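In: Let's see this in three dimensions:
(one chain, ligands or ions: 1)
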Amino acid sequence: MKETTQRVIDQTAPKHLVDHNLVPEAVVPGVIYEKRPARNLKGEVVPGLYNAWIWLDNPTQYNSYTTDMTKGLILAFRAASCARDVATVVFTAVGDKAFCTGGNTKEYAEYYAGNPQEYRQYMRLFNDMVSAILGCDKPVVCRVNGMRIGGGQEIGMAADFTVAQDLANFGQAGPKHGSAAIGGATDFLPVMIGCEQAMVSGTLCEPFSAHKAYRLGIASQIVPALKVDGKFVANPLVITDRYLDEFGRIIHGEFKTGDELAAGKEVLKRGEIDLSLLDEAVEKLCAKLISTFPECLTKSFEELRKPKLDAWNRNKENSRAWLALNMMNEARTGFRAFNEGTKETGREIEFTDLRQALAVGTPWTPELIESLMPGAK
Ligand SMILES: CC(C)(COP(=O)(O)OP(=O)(O)OC[C@H]1O[C@@H](n2cnc3c(N)ncnc32)[C@H](O)[C@@H]1OP(=O)(O)O)[C@@H](O)C(=O)NCCC(=O)NCCSC(=O)C1=CCCCC1=O
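Out: Okay, here's the model as predicted:
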């Protein structure tokens, strides 16, 4: 820093700063709040400036968020938002398998199933968590370290930027597990990728590869993460070397099938995952962001958030009410099926059995739900 600027700081900066945060410090298991020194475009540390790295830390359950973790995230985003010395928030998770696969299905199945008034309270926290991301006073970069599914995709899309390692898949799970993707996905997806592809993602629950997410506009950058024989290679399970098939359909970013897939799996087995390029890309983006006027940057991202924020604010209260009541039947069934099922029995219900029962007017009774559980005779 120039000496003259330092002198002005010494003479005019207040000796005591008012704390605008709600709580002095929040330590919630499952969420890590870390301040890392910010770097400039040359990669040098900038003294006195930081990026707040907010980590989901529940890797054995694919970084799904529990009720306590939603509280931790609200507080962490609030802390980062208020911290004068924090320039950018990096929102990420521990490990290389998952960024987040949404709400904790064990908690959903064992506590909230059949308990709509409790789930309604939970949804207040969930909504506040999404709003805390969308309302953060700092730009938010989602560092996608692994799959981003269900509510994980929703809180990830609430961020301003998505930078992903290319083995990560992106998608929704709701209609397969007894929910609707109305925790943000139905608000954000149409404005981010258009109504048709949003419909595909939000209803069919077939994940997009990172390459497809990048092409459609869910991610602004993807980087390779698999190292084979010391060299980074693109996700070998995905078509990345050609754009069109013989009929002119886009196949770039689609998952490989058949022999090509089998060969891809062999490559995957031989490799090791290295997220250093992901970290480099995230640091570079953070460096670009601090190389701007702070208020002009803030005004810019506040305006650019509006299409997502408007849709979210329009729908979030109704969505909360609907999701609470849905815990009485479809969520109660779907989340229990995922929680109680196994690889052998499957973790989803036989959807056509339920549809056949409802088609002849069968009411939702505990017996109907039991009969639908995977493995039920
Ligand atoms: C498709 C999957 C994401 C990944 O599948 P796969 O790669 O086959 O891994 P699994 O063996 O299924 O998972 C590994 C272990 O992690 C546990 N796990 C995974 N996700 C969760 C979760 N969300 N909560 C708790 N535990 C989870 C899994 O049980 C495995 O552990 P185990 O001990 O059993 O070996 C697949 O995992 C999957 O579909 N996961 C569930 C996705 C999901 O349904 N999420 C909730 C969606 S709904 C939601 O998030 C909502 C948000 C707010 C609004 C309302 C709402 O519904």
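In: which phi and psi does the residue lying closest to residue 286 once chain neighbours are set aside have?
Out: For residue 286, ignoring the flanking residues on the chain, the nearest one in space by CB to CB, 6 or more residues apart in numbering is residue 88 at 4.6 Å. Where C-beta positions appear, they are placed from N, C-alpha and C, glycine not excepted. With angles defined as degrees, to the nearest 10, residue 88 sits at phi -140, psi 150.
In: ok, residue 88 to the ligand distance?
Out: Remark: distance between residue 88 and the ligand (CB to the nearest ligand atom, to the nearest Å) = 25 Å.
In: What is the burial count for that residue?
Out: Number of residues near residue 88 (other CB atoms under 10 Å) recorded here: 28.
In: residues touching it, list them.
Out: When contacts are counted by CB atoms under 8 Å, 6 or more residues apart in numbering, residue 88 is found next to 38, 51, 52, 138, 139, 140, 141, 286, 289, 290.
In: so which of the residues you listed would you say is closest to residue 328?
Out: The closest of the contacts of residue 88 to residue 328 turns out to be residue 140 (CB to CB; 34.4 Å).
In: Name the residues linked to the closest one by a beta bridge.
Out: Assessed by DSSP bridges, residue 140 has beta-bridge partners residue 89.
In: wait, isn't it in contact with residue 159?
Out: Yes: between residue 140 and residue 159 there is a contact at 4.2 Å, judged by CB atoms under 8 Å.
In: quick one: is stretch 139-151 near the ligand?
Out: Yes: judged by CB under 6 Å from any ligand atom, stretch 139-151 and the ligand are in contact via 147, 149, 150, 151.
In: Can you report how many residues lie near the last one?
Out: By the other CB under 10 Å criterion, the neighbourhood of residue 151 contains 27 residues.
In: What parts of the stretch 51-200 of the chain come near the ligand?
Out: 61-62, 64, 101-106, 126, 147, 149-151, 173-174, 177, 179, 183.
In: Please report how far residue 59 lies from residue 150.
Out: 16 Å (CB to CB, to the nearest Å).
In: So which of the two has more stuff around it?
Out: A count of neighbours by other CB under 10 Å puts residue 150 above the other of residue 59 and residue 150, at 26 against 16.
In: contacting residues around that one?
Out: If a contact means CB under 8 Å, 6+ apart, then residue 150 has 101, 102, 103, 171, 172, 173, 174, 177, 179, 181 as its contacts.
In: Export those residues as TSV, with columns for secondary structure, pLDDT and neighbour count.
Out: Formatted as TSV, the contacts of residue 150 follow (DSSP: H, G, I helix; E, B strand; the rest coil; pLDDT from 0 to 100; neighbours: other CB atoms under 10 Å):
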residue	secondary structure	pLDDT	neighbour count
101	coil	98	24
102	coil	98	26
103	strand	98	30
171	strand	98	24
172	coil	97	31
173	coil	96	23
174	helix	93	25
177	helix	98	26
179	coil	98	24
181	coil	98	26
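In: which among these gets closest to residue 342?
Out: Checking the contacts of residue 150 against residue 342 with CB to CB, the nearest one is residue 177 at 15.4 Å.
In: how about the helices in the stretch 151-300 of the chain?
Out: Here the stretch 151-300 of the chain has its helices, by DSSP state H, counting those that start in this stretch, at 151-157, 174-177, 185-193, 195-199, 210-216, 258-270, 276-290, 294-326.
In: Residue 140 and residue 159: who's more crowded?
Out: residue 140 (26 against 21).
In: roughly how far apart are the nearest residue to residue 349 once chain neighbours are set aside and the ligand?
Out: Excluding its sequence neighbours, the residue lying closest to residue 349 (CB to CB, 6+ apart) is residue 372, at 4.5 Å. Using CB to the nearest ligand atom, residue 372 is found at 16 Å from the ligand.
In: and residue 24, what pLDDT?
Out: At residue 24, the predicted lDDT confidence score is 69.
In: now residue 23: how far from the ligand?
Out: According to CB to the nearest ligand atom, residue 23 stands 24 Å off from the ligand.
In: Quick one: residues contacting the residue in the stretch 201-350 of the chain positioned nearest to the ligand.
Out: Per CB to the nearest ligand atom, residue 323 is where the stretch 201-350 of the chain lies closest to the ligand, at 5.2 Å. Counting by CB under 8 Å, 6+ apart, residue 323 makes contact with 119, 123, 179, 180, 182, 183, 331.
In: most surrounded residue in those?
Out: Within the contacts of residue 323, residue 183 tops the neighbour count with 29 neighbours, counted by other CB under 10 Å.
In: Not counting sequence-adjacent ones, nearest residue to that one?
Out: Among residues not flanking residue 183 along the chain, residue 154 sits closest, at 4.5 Å (CB to CB, 6+ apart).
In: So the one you found is in contact with residue 181, correct?
Out: Yes: Residue 154 is in contact with residue 181 according to CB under 8 Å; the separation is 7.0 Å.
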